[in-house]
Every structure is written in C-alpha cells, then in structure tokens.
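Undergrad: Build me a model:
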Amino acid sequence: MSNRKSIFLKYFVIYSAVILISFICLGAVLLLVSSRYFMQEKKDLLERNNNAAVEAVSDLIKSSPTGWKETTVWSIKELASKSGMEFILCDKNGNIIASSGLAGQFLDLVISEDMLNKAKEQAYYSDSDFDGSYESCHIFVQEFTVNGPEYYLISLTPKVEQDNYVLEIMRIFLVSMIIVYIAVMIAVYFVAKRLSAPIIEIADVSREIGRGNFSVKLPEYNIYEMQELSNAFNDMAASLKSYDTMRNSFVANVSHELRTPMTSIGGFVDGMLDGTIPPEEHEHYLRIISSEVSRLTRLVRSMLNLAKIEAGELKPNFTRFSVLDPIIDTLVTFETRLEKKNIEIRGLDIDRMYLYADNDLIHQVMYNLIENAIKFVNENGYIEFSFASVGYMTVISIKNSGEGLSEEELPLVFDRFYKTDKSRSQDASGVGLGLNIVKSIIRLHRGKIMVRSIKGEYTEFVFTVPNKKLNL
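TA: Alright, predicted model coming up:
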C-alpha cells in the first residue's frame with residue numbers, strides 16, 4: 001500500500017494542526033492572564049478589607065484600652081462575614097491575639113518572623129501555607145501601632161478560590177473551543193476540498209493529454225496562482241497540439257519525400273531486370289536513378305543537420321571571415337545556371353566587411369538562399385546583395401526579381417517540407433528543408449531572418465549574423 005498522502009489530506013491536517021495549536025496557545029495566554037487578573041483583584045480586595053479591619057481594631061483599642069480584646073474578636077468576625085475573608089490579629093512576636101476563625105481555627109498557625117519583618121517597611125502581600133500549618137492562602141500583612149504597642153493584622157483567603165475560578169474559565173474556554181473547532185474543521189474541510197479540486201482537475205487533464213487528446217483545456221479560476229497555472233497549462237497543451245500536428249505533417253512529408261524517389265528507383269531497376277526497359281535505354285534510366293539517390297542523400301543529410309541543431313549537438317565554430325567569401329564561392333558553383341538565365345549580380349562591389357560566425361554553416365545559408373533565388377529569378381533578371389553593420393550584427397539581404405510570393409505563402413516559407421506550387425513544377429529535386437535549415441542556423445548564431453515580397457516584382461530574404469564575439 002502506498003504511503004503517499006493526497007494534497008487534500010495534507011491541507012486538512014496542516015490546517016487542523018495550525019488551528020489546534022492556535023487554540024492551545026490562546027488557552028495558555030487566557031490562563032495566564034486570568035490568573036494574574038484574579039491575583040491582582042484579590043490583592044486589591046485584601047488590601048481594602050485589611051485597611052478597614054485595621055481602622056476598626058484601632059478604634060476599639062483606643063476606645064477601650066483594657067477590654068478591647070473581647071470586643072475585637074466579634075468585630076473581626078463581623079468583618080470576615082461581610083467580606084468573605086479571614087482576619088488574624090497578632091502582636092510583634094507573632095502571637096495570635098484574635099481571629100475570625102471559629103473554635104480556635106487559627107490558634108495553631110505559625111506566623112513566621114520573616115513575614116512580620118517584611119510588613120514593617122510596608123504592607124506585604126504573598127501566598128503561603130504558614131509553614132504547612134494551614135492550607136495555601138493569599139495573605140496580606142499590615143503593621144499598625146496603637147497606644148504604643150505594635151500589632152499586625154493579617155487578612156487571608158484560601159487559594160482554592162483562585163483554582164476554582166481558573167478551572168471555571170478553562171471549562172468555559174474548552175467548551176467554546178470544541179464547538180468552534182468543530183465548526184472551523186467543517187469549514188476547513190470544504191476549503192481544502194476547494195483548494196485541492198484544481199490540482200485533481202489538472203491531473204485529469206494531464207492524463208487526457210497523455211492519451212493524445214490535446215483539445216482539453218483547464219477552466220478559469222478565481223485564485224491568481226491557479227489561474228496562472230491554468231494559463232501556462234493551456235499554453236502548453238496548445239503547443240503540444242501544434243507540435244503533434246507538425247510531427248504528423250513531418251512524418252507524412254518525410255514518407256512522401258522518401259517514397260517518391262524510392263518508388264522511381266525500384267520501378268526503373270525492376271524494368272531493367274525484367275527486360276521492360278531495353279538495354280540501349282539503361283544509361284538514361286541509370287542517370288535518373290543516380291539523381292534520385294542524390295536527392296535521398298540530400299534529404300537524409302538535411303534531416304540529420306536539423307536534428308543536430310534542435311538537439312543542441314551542433315556547436316558553431318566561430319571564426320572571423322569576409323562576408324563575400326561564402327557568397328563568391330556559391331556563385332561560382334552556380335555559374336552555369338546563372339549564365340543560362342542571363343542573371344545580373346548586383347551589390348558585391350563593397351569594402352571588405354567581416355563576419356564572426358561558423359564559416360561552414362554560413363556557407364550553407366548562402367548556398368540555400370542563393371539557390372532559392374536562382375530557382376525563382378526570372379529570365380534576364382537580377383540577384384541583388386546588400387550589407388549593413390548595425391552594432392554587433394551585420395544585416396545581409398539577398399533579393400531576386402521574379403514572380404514573388406503571395407501574402408498567404410510568406411508565413412509558410414520557413415516550414416519544413418513546404419514548397420510553393422511554382423517550386424514543385426520547377427524543381428522536383430528539392431526536399432523543402434533548405435529554408436528551414438537556414439532559419440535554424442541563423443537562430444543558432446543569435447540572429448534573425450525574415451522574408452518580404454511583392455507579387456510580380458521581387459522576393460527578398462533579410463537576415464542578421466554577428467560581426468563580433470558574442471557570449472552565446
């Protein structure tokens with residue numbers, strides 16, 4: 001069984017833990033604050049009642065210097081009954097003179113000397129259990145002097161009241177916390193479901209794309225991050241659909257381009273073997289077979305070059321050379337065809353201009369573009385070159401007169417295996433990869449290429465190549 005947990009469960013557990021920890025921290029703070037508040041309230045109450053008791057006892061001692069003790073006991077008990085506290089009157093040695101306790105409740109208490117000494121400077125508050133002789137209490141001790149002798153009045157209240165108060169606060173808090181926690185967990189459940197729903201939806205759409213269904217799309221979300229993910233995912237699906245269409249087209253075109261020459265080769269070979277083609281015509285058909293083999297070779301070589309460029313395996317060997325070198329070499333190669341169509345070459349009378357690029361690759365670019373220009377230039381037409389340096393790039397233009405391209409054809413000329421109708425009728429040996437390779441090589445050099453044309457007038461390819469060292 002898998003140990004992986006769903007994102008919904010993780011959301012739910014994390015939110016539950018955070019909320020529970022928050023409640024625990026809130027409870028601890030509430031406990032601390034309520035305890036301190038109770039203690040401060042109890043201290044203030046003890047001080048007020050203790051002051052009232054001191055004043056009452058002082059008045060009794062002053063009014064009856066000899067018989068005040070019996071009267072004081074009843075007075076202290078009356079004060080204790082009204083305030084809900086206990087009072088103890090003792091002398092400076094800690095001997096208990098009177099108390100509010102019934103049946104000698106406080107007679108065995110040990111009033112420590114330390115407690116009395118602290119009360120000499122100012123009224124003293126503490127909590128104590130009288131050295132274990134009584135329960136733990138809140139205690140307020142105050143010294144006062146009447147008619148000469150020193151007395152101490154001690155007011156106290158058991159700490160069990162504080163414990164009961166805190167327990168009641170915590171009981172109320174716990175009941176409230178449980179009710180709120182259950183309500184919040186229900187809300188968290190639906191929130192976590194809502195947050196995880198887009199992830200599940202993306203997973204479902206991903207599976208559809210994995211099955212080859214590229215038409216699926218994610219909906220719009222009202223969460224910014226999820227909407228960004230949805231947009232990126234839909235863009236990816238659209239790109240995959242485009243690539244799939246291109247792949248199918250590529251396979252179909254490759255199959256067609258390979259099948260046509262191979263069918264011709266097979267048919268001619270079979271015709272020569274079975275005697276359908278007479279011996280005196282063998283040489284003619286062998287030349288056709290040789291031409292078709294050359295066409296297959298060019299197709300395979302072009303496809304390999306494209307594959308290397310796209311895989312990043314083809315690394316340019318940058319050197320500095322004259323821009324005219326690959327152009328002149330190519331024009332010499334096509335000299336016969338240029339003379340046959342009486343083509344005028346323009347724009348080569350320039351000062352020396354250098355490129356910083358891969359000589360062999362740029363030679364291939366020039367070869368393909370010049371071959372394309374020669375193919376479509378009109379009889380007695382021209383091929384014109386122009387050059388310009390713009391920063392670290394050189395702009396090169398190759399323009400030929402002729403029929404030109406329509407607006408519908410311009411966006412397609414760099415596609416693989418694309419051929420115009422005129423190209424198909426004029427050059428059956430072409431494989432439709434030349435301009436696609438040109439675009440790939442120019443991009444490999446961080447350059448750009450574009451085509452512009454006016455129907456019935458000219459076609460012009462403009463591209464840029466570095467003339468200085470770049471950090472590629």
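Undergrad: CA atoms for contacts and neighbours, from now on please.
TA: OK.
Undergrad: which helix of the protein spans the most residues?
TA: helix 7-63 (DSSP state H).
Undergrad: From the contact counts, what lies against that one?
TA: For helix 7-63, the elements it packs on are helix 68-83, strand 137-145, strand 150-158, helix 160-210, judged by 3 or more C-alpha pairs under 8 Å, 6 or more residues apart in numbering; DSSP states H and E.
Undergrad: so which of the ones you listed gets nearest Phe38?
TA: helix 160-210 (6.9 Å; C-alpha to C-alpha).
Undergrad: now for the closest one, which elements pack on it?
TA: helix 7-63.
Undergrad: how about a markdown table for the helices and strands packed on helix 7-63, with mean neighbour count, distance to Leu355 and mean pLDDT added?
TA: Compiled in a markdown table, the helices and strands packed on helix 7-63 are given as follows (neighbours: other C-alpha atoms under 10 Å; distance: least, C-alpha to C-alpha, whole Å; pLDDT from 0 to 100):
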| stretch | mean neighbour count | distance to Leu355 | mean pLDDT |
| --- | --- | --- | --- |
| helix 68-83 | 16 | 105 | 82 |
| strand 137-145 | 21 | 96 | 88 |
| strand 150-158 | 23 | 99 | 86 |
| helix 160-210 | 15 | 45 | 80 |
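Undergrad: so what's the backbone phi/psi at the residue of the chain positioned farthest from its centre?
TA: Farthest-out residue of the chain from its mean C-alpha position, per C-alpha atoms, centre = their mean: Thr66, at 89.5 Å. Main-chain dihedrals, Thr66, degrees, to the nearest 10: phi -110, psi -40.
Undergrad: and if you look at Gly391?
TA: Main-chain torsions, Gly391, degrees, to the nearest 10: phi 70, psi -130.
Undergrad: what's the distance between it and Ser322?
TA: As judged by C-alpha to C-alpha, to the nearest Å, Gly391 and Ser322 stand 17 Å apart.
Undergrad: Compare neighbour counts for those two and give me the winner.
TA: A direct count of neighbours by other C-alpha atoms under 10 Å for Gly391 and Ser322 places Ser322 higher, at 14 against 9.
Undergrad: I figured the more buried one hits Asp358, correct?
TA: No: shown here, Ser322 and Asp358 do not form a contact pair, counting by C-alpha atoms under 8 Å, at 11.7 Å.
Undergrad: still on that earlier bit, would you convert the helices and strands packed on helix 7-63 into JSON lines that also reports distance to Ile277?
TA: Formatted as JSON lines, the helices and strands packed on helix 7-63 follow (distance: least, C-alpha to C-alpha, whole Å):
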{"stretch": "helix 68-83", "distance to Ile277": "134"}
{"stretch": "strand 137-145", "distance to Ile277": "126"}
{"stretch": "strand 150-158", "distance to Ile277": "127"}
{"stretch": "helix 160-210", "distance to Ile277": "52"}
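Undergrad: between these, which gets nearest to Ala98?
TA: It's helix 68-83; of the helices and strands packed on helix 7-63, that one is closest to Ala98 (C-alpha to C-alpha) at 5.5 Å.
Undergrad: what angle do that closest one and helix 7-63 make?
TA: In terms of direction (axes from the mean of the first three to the mean of the last three C-alpha atoms, to 10 degrees), helix 68-83 departs from helix 7-63 by 150 degrees.
Undergrad: what's helix 68-83 in contact with?
TA: Taking contacts as C-alpha atoms under 8 Å, 6 or more residues apart in numbering, the residues outside helix 68-83 that touch it are 49, 53, 56-57, 60-61, 86-87, 97-101.
Undergrad: for those residues, which one is nearest Ser112?
TA: Of those, the one sitting nearest to Ser112 (C-alpha to C-alpha) turns out to be Ile97, at 15.1 Å.
Undergrad: ok, the closest one touching Asp91?
TA: Yes: Ile97 lies in contact with Asp91 (C-alpha under 8 Å); the separation is 6.9 Å.
Undergrad: Wait, a strand at Glu407?
TA: No: counting by DSSP: H, G, I helix; E, B strand; the rest coil, Glu407 is not part of a strand but coil.
Undergrad: and the gap between it and Glu460?
TA: To Glu460, Glu407 is 13 Å away according to C-alpha to C-alpha.
Undergrad: ditto for Arg36
TA: For Arg36, the distance to Glu460 - C-alpha to C-alpha - is 89 Å.
Undergrad: Ok, Gly447 next?
TA: Distance from Gly447 to Glu460, by C-alpha to C-alpha: 17 Å.
Undergrad: And those two? Which one has more around it.
TA: Taking neighbours as other C-alpha under 10 Å, Gly447 and Glu460 compare with Glu460 leading, 22 against 17.
Undergrad: So what's the gap between the helix or strand containing that one and the chain middle?
TA: Assigned by DSSP states H and E, Glu460 belongs to strand 458-466. In terms of C-alpha atoms, centre = their mean, to the nearest Å, the centre of strand 458-466 is set 41 Å apart from its chain centre.
Undergrad: and it, what does it pack onto?
TA: Packing partners of strand 458-466 (3+ C-alpha pairs under 8 Å, 6+ apart): strand 354-358, strand 393-401, helix 434-444, strand 449-454.
Undergrad: what is the rounded mean pLDDT of the second one?
TA: Here strand 393-401 scores 94 as its mean pLDDT.
Undergrad: and what of the third one?
TA: On average, the pLDDT along helix 434-444 is 84.
Undergrad: Dump that helix to CSV, keeping only the CA atoms.
TA: C-alpha atoms of helix 434-444 as CSV (Å, rounded to 0.1, in the frame of the first residue of the first chain):
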residue,chain,number,x,y,z
GLY,A,434,16.6,24.3,-47.2
LEU,A,435,14.9,27.4,-45.8
ASN,A,436,14.0,25.7,-42.5
ILE,A,437,17.7,24.8,-42.1
VAL,A,438,18.7,28.4,-42.9
LYS,A,439,16.4,29.7,-40.2
SER,A,440,17.8,27.2,-37.7
ILE,A,441,21.4,28.1,-38.5
ILE,A,442,20.6,31.9,-38.2
ARG,A,443,18.9,31.3,-34.8
LEU,A,444,21.9,29.3,-33.7
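Undergrad: Which residue ranges make up the domains of the chain?
TA: Using automatic domain parsing, the domain parsing of the chain gives 7-164, 218-314, 317-466.
Undergrad: Which one of those has the poorest average confidence?
TA: The stretch with the lowest mean pLDDT among these is domain 218-314, at a mean of 76.
Undergrad: what's the first-to-last distance across that one?
TA: 38 Å.
Undergrad: Give me the distance from stretch 261-271 to the chain's centre.
TA: The answer for stretch 261-271 is 59 Å, by C-alpha atoms, centre = their mean.
Undergrad: Could you do stretch 121-140 as well?
TA: 61 Å.
Undergrad: Likewise for stretch 91-106?
TA: With C-alpha atoms, centre = their mean, you get 75 Å for stretch 91-106.
Undergrad: And for stretch 324-338?
TA: Stretch 324-338 has its average C-alpha position 54 Å from the chain's average C-alpha position, going by C-alpha atoms, centre = their mean.
Undergrad: Quickly note the distance from the residue farthest from the centre of the chain to Tyr152.
TA: Going from Thr66 to Tyr152 by C-alpha to C-alpha gives 19 Å.
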